[in-house]
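Asker: I would like the atomic coordinates for the input below:
(2 chains)
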Amino acid sequence: MSRGLITAIEIDGAGGDPGAWRGPEVDPRAILTGELAVRAAQRAEAAGVDLVTFADALEAPDDVLDQVSVRLDALGLAARVAPVTQRIGLLPTITVTHTEPFHVQASVATLDHISGGRAGWIADVSTSAEAAAVIGRREPAPAAETWREARYVVDAGRRLWDSWEDDAIIRDAATGRFVDREKLHYVDFESPTFSVKGPSIVPRPPQGHPITGIRVSASEALEAAADAELVFLPDSDDLSTQVQELRENARRSVTLTAGDAGRSVTLTSGQVVGPLVLVSAAVQPHVDGVEQLASLIEAWAAAGVDGVQLRPASLELDVPVIAEQLLPVLRERGLVGSGERGGSLRGRLGLRRPVNRYARSAR
Amino acid sequence: MTKQIHLAAHFPGVNNTTVWSDPAAGSQIDFGSFRQLAETAERGTFDFFFLAEGLRLREVKGRIHDLDVVGRPESLTVLSALAAVTTHLGLAATVNSTFNEPYELAKRLSTLDHVSNGRAAWNVVTSWDAFTGENFRRGGYLDKGDRYVRAQESLRIVRKLWDSWNGDELVLDQAAGAFAREGAGAFADDGAHFTIRGRFGLPPSPQGRPVIIQAGDSDEGREFAASSADVIFSRHGTFEGGQTFYKDVKSRLAKYGRTDESLKIMPAVTVVVADTDADAIEKAAYIREQQVSGPTALVLAELLWGRDLSAYDPDGPLPAEDPVVGSSVTQGRVGYNDPFPIVSEWRAQAEEHGWSLRQTVINQQNRQTFVGSPTTVAEAVNRHVQENAADGFVLVPHLTPSGLDDFVDRVVPLLRERGVFRSEYAGTTLRDHLGLQL
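Answerer: Coordinates of the predicted model:
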């Protein structure tokens, strides 16, 4: 526990409370310009929060009159925040059920480049009929099937991030070669629902692999969570057991076999110690105060989590309280480190930069 | 009436126009390079900043082409970040309509449009080859004839999603608790390529909807642009070629009920500026030599000949064989439909001047569009616009990220003096800059 808990804040509209946009402190137009998100991320960064997550879904929010019924694409919003922050990690939610794995990995790699190694993503699935209908390419699939596919998407993404070796760009004027093509690799990835040739169009991201997060929204997500670097787990009575099970799961080697043509792909988690587990909770410290929340966080730490993802009811009201009051209390209690963690998001989380699976020295 | 010139900055791309070997050449991937070129363009009060796209690394003879710049970041993510560090500059993303779904395109482009306060543009491109398709779920490929049908349907649906809000549904009445009217954003479409329905979760941006750019040059491409685009990104940078293209495309507008002003024609051009015309000519020749190394000359000749020419010496004579039409020696770039007259012209020129293969390529390809002193270039640019060879230009620099410094510092002031280019932005949105109505 020497490093302290990882702290994360979720950005979604004006906050998790459907009525948050109505507060006099909120300019509702700033939801659409991204300014609310920018302000929340900057406040969080100034207080030493490790990362912000950006909520999203493929389908639009419901058109309920008194609620925020618009939502920016989380990836675009995270990119908008990147140049006006310097240290905080940025994890947009990206759905993988109806989207192209090739585009998803290229976008996350790009976010890592533009943020100087602070990017990650939360891989999510779409099981609803609404999400299937806005794309119209396939029928809605049950959770087990979509999460199984999500694991392949995560794996394909990591392979594509490795498809460029770190030193592939050589700019060798003598031979006229910009790249050493021996250091660019076809991934030739096959899964039951998609295939990707590669290489990526984007050079290897600064972190090697940007951080992959999984939100455990259903039990079907647990296997995918075992492959992730960060797992967001809802608070529950048996939190301690769930955290342990997650870590044990991750230690097992798991092989998925594609049904067609007898091809098989081994999914490796790339993790030695299993994912970092963050407990995720809706909070409203501007109403409840911070003492009670600090005690709750202390109990979560005792249950063995690596960190907390706080989903504030109101970005404008709760993020300042988290930044200015909660974090100091957590530091006082020794729950959060006081030293500024620098460098990449990986560095901040205490994770090593992954070796490239295609690099000669790694083979 | 004096026309106002429109200008755009093209981030140096993955062909041999970009000189990566120059000591002044910076990173093709660091955000700092994108930011610097965008800031230069905004200092020059350009209309927009333009990013190209490629969805598979190019190959020559079955291997990844290693002589030009390889790799780039994904456009929409870079532009959303540039929205944070620029205030007026338009932000144009090239995004493929074949390997993206209309709903996703609409959502991502609209997000860029919102976070930039109305500065987004979409350059609609299509690809139809199985080579690129190998990276995608959609996979496979489209018949060439189907690609514009799908592109047109894709664009129509994206517009439909952007227009799924009439514009008055966003209430934002905090006291009354009315965010947006119920029913806003509902859509349904049943086309040949897409059958979709649902709700679109973003209202119109400050410019209504993103600007549409189109680059096709075929008859179908021109018709597509005349029916649906706000800007054409053309290859016709010469004066006569530009006038012919301009007249042809503008003459197609009336049948769609459009005015000449509603479609801006902006050829991609290259510019070399120096103190005097003579210095500029010398500098231009030096840049062309940088752009065409011996190995690059061979690859460009292979593209024209459709043959493996690796046995040839670039410093020797032109290949004796005839070209082959429709070969797949090079993948991921546009070949020649009819190479024979070009090969004949190359041979004639090489013979007349005693040029080697490399010298022929240097002299026959990559000729810069505008070369001269600041005054010469300003006058030529203005003449092209006033005499309807173009409405403006997309400038393609050969150096990242400093390649437009000379133009912005030395030519733009002369255009401003002549009253044909803005000294400051009059509006805030890209539609404002381009003088486009919704």
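Asker: residue B:361 reaches residue B:293, doesn't it?
Answerer: No: counting by Cβ atoms under 8 Å, residue B:361 does not reach residue B:293; the two are 10.1 Å apart. From N, CA and C alone the C-beta is placed, and that goes for glycine too.
Asker: list the contacts for residue A:112?
Answerer: Contacts for residue A:112 (Cβ atoms under 8 Å, 6 or more residues apart in numbering or on different chains) come out as A:118, A:119, A:205, A:206, A:207, A:210.
Asker: ok so, going back, who's more crowded, residue B:361 and residue B:293?
Answerer: More neighbours surround residue B:361 than the other of residue B:361 and residue B:293, with 27 against 19 (other Cβ atoms under 10 Å in any protein chain shown).
Asker: how much space between the closest residue to residue A:86 other than its chain neighbours and chain B?
Answerer: Spatial nearest neighbour of residue A:86, chain neighbours left out: residue A:45 (7.1 Å); criterion: Cβ to Cβ, 6 or more residues apart in numbering or on different chains. Distance of residue A:45 to chain B, computed by Cβ to the nearest Cβ, to the nearest Å: 14 Å.
Asker: what's the burial count for residue A:45?
Answerer: The tally of other residues near residue A:45 (other Cβ under 10 Å) stands at 21.
Asker: of all pairs in the contacts of residue A:112, which one is the farthest apart?
Answerer: Using Cβ to Cβ, the two most remote members of these are A:118 and A:205, lying 10.5 Å apart.
Asker: in terms of neighbours, single out the busier of those two.
Answerer: residue A:118 (29 against 25).
Asker: from memory the more buried one sits against residue A:88, does it?
Answerer: Yes: with contact defined as Cβ under 8 Å, residue A:118 counts as touching residue A:88 (6.8 Å).
Asker: still on that earlier bit, of all the contacts of residue A:112, which comes closest to residue A:101?
Answerer: Proximity of those to residue A:101 (Cβ to Cβ) peaks at residue A:210, which lies at 14.5 Å.
Asker: pLDDT score assigned to residue 181?
Answerer: Chain wasn't specified; assuming chain A. As predicted, residue A:181 sits at a pLDDT of 96.
Asker: my bad, chain B
Answerer: 95.
Asker: contacting residues for it?
Answerer: Here residue B:181 is in contact with A:63, A:65, B:169, B:171 (Cβ under 8 Å, 6+ apart).
Asker: so what's residue 70 closest to, chain neighbours aside?
Answerer: This is for chain A. Residue A:70 sits nearest to residue B:201 (Cβ to Cβ, 6+ apart), 5.2 Å away.
Asker: hm, I was asking about chain B
Answerer: residue A:179 (4.6 Å).
Asker: and the one you found, bridged to which residues?
Answerer: residue A:169 (DSSP bridges).
Asker: right, and it touches residue B:68 too?
Answerer: No: taking Cβ under 8 Å as the definition, residue A:179 is not a contact partner of residue B:68, at 9.3 Å.
Asker: quick one: which of the two has more around it?
Answerer: Shown here are residue A:179 and residue B:68; by other Cβ under 10 Å, residue A:179 has more neighbours (25 against 21).
Asker: how close does that one get to residue A:209?
Answerer: Noted for residue A:179: a distance of 21 Å to residue A:209, by Cβ to Cβ, to the nearest Å.
Asker: next: residue A:235.
Answerer: The gap separating residue A:235 from residue A:209 is 28 Å, by Cβ to Cβ.
Asker: how many other residues sit next to residue 300?
Answerer: All of this refers to chain A. Using other Cβ under 10 Å, residue A:300 has 24 neighbouring residues.
Asker: that's the wrong chain, I meant chain B
Answerer: Counted with other Cβ under 10 Å, residues neighbouring residue B:300 total 26.
Asker: contacts only, for it.
Answerer: Residue B:300 touches B:16, B:292, B:361, B:365, counting by Cβ under 8 Å, 6+ apart.
Asker: could you point out where the chain is predicted with low confidence?
Answerer: Went with chain A since none was named. A:1-2, A:252-273, A:339-342, A:361-363 (pLDDT under 70).
Asker: correction: the question concerned chain B.
Answerer: Along chain B, the model assigns pLDDT under 70 to residues B:139-142, B:334.
Asker: from it, which residue is nearest to chain A?
Answerer: residue B:201 (2.7 Å; Cβ to the nearest Cβ).
Asker: what's the separation between the residue lying closest to residue A:129 once chain neighbours are set aside and chain B?
Answerer: Leaving aside its chain neighbours, residue A:129 sits nearest to residue A:140 (4.8 Å; criterion: Cβ to Cβ, 6+ apart). Applying Cβ to the nearest Cβ, the value for residue A:140 to chain B is 12 Å.
Asker: number of residues surrounding residue A:140?
Answerer: As a burial measure, residue A:140 scores 16 neighbours (other Cβ under 10 Å).
Asker: then residue B:271?
Answerer: Residue B:271: 24 neighbours (other Cβ under 10 Å).
Asker: I figured it hits residue B:368, correct?
Answerer: Yes: the criterion here is Cβ under 8 Å, and residue B:271 meets it with residue B:368 at 6.6 Å.
Asker: partners of the residue minimising distance to the centre of chain B in the sheet?
Answerer: The structure's chain B has its C-alpha centroid closest to residue B:233; by Cα atoms, centre = their mean the separation is 5.5 Å. Beta-bridge pairing of residue B:233 under DSSP bridges involves residue B:266.
Asker: excluding chain neighbours, give the residue nearest to the residue of chain A found nearest chain B in space.
Answerer: Here the residue of chain A nearest chain B is residue A:60; by Cβ to the nearest Cβ that distance is 2.7 Å. Nearest-residue entry for residue A:60: residue B:201, 2.7 Å, with adjacent residues in sequence omitted and distances by Cβ to Cβ, 6+ apart.
Asker: may I have the residues that are in contact with that neighbour?
Answerer: Neighbouring residues of residue B:201 by Cβ under 8 Å, 6+ apart: A:59, A:60, A:61, A:69, A:70, A:71, B:107, B:185.
Asker: of those - the most surrounded one?
Answerer: Per-residue neighbour counts (other Cβ under 10 Å) across these peak at residue B:107, which has 26 neighbours.
Asker: what about that residue, which SS state?
Answerer: At residue B:107 the chain is in helix, as set by DSSP: H, G, I helix; E, B strand; the rest coil.
Asker: that one and residue B:149, how far apart?
Answerer: 23 Å.
Asker: and what of residue A:343?
Answerer: In terms of Cβ to Cβ, residue A:343 sits 50 Å off from residue B:149.
Asker: between those two, which one's more packed in?
Answerer: residue B:149 (16 against 13).
Asker: pull out the buried members of the contacts of residue B:181.
Answerer: Buried by 16 or more other Cβ atoms under 10 Å in any protein chain shown: A:63, A:65, B:169, out of the contacts of residue B:181.
Asker: so where do the helices sit in the stretch 51-200 of chain A?
Answerer: In the stretch 51-200 of chain A, the helices defined using DSSP state H, counting those that start in this stretch lie at A:74-81, A:101-114, A:129-135, A:143-162.
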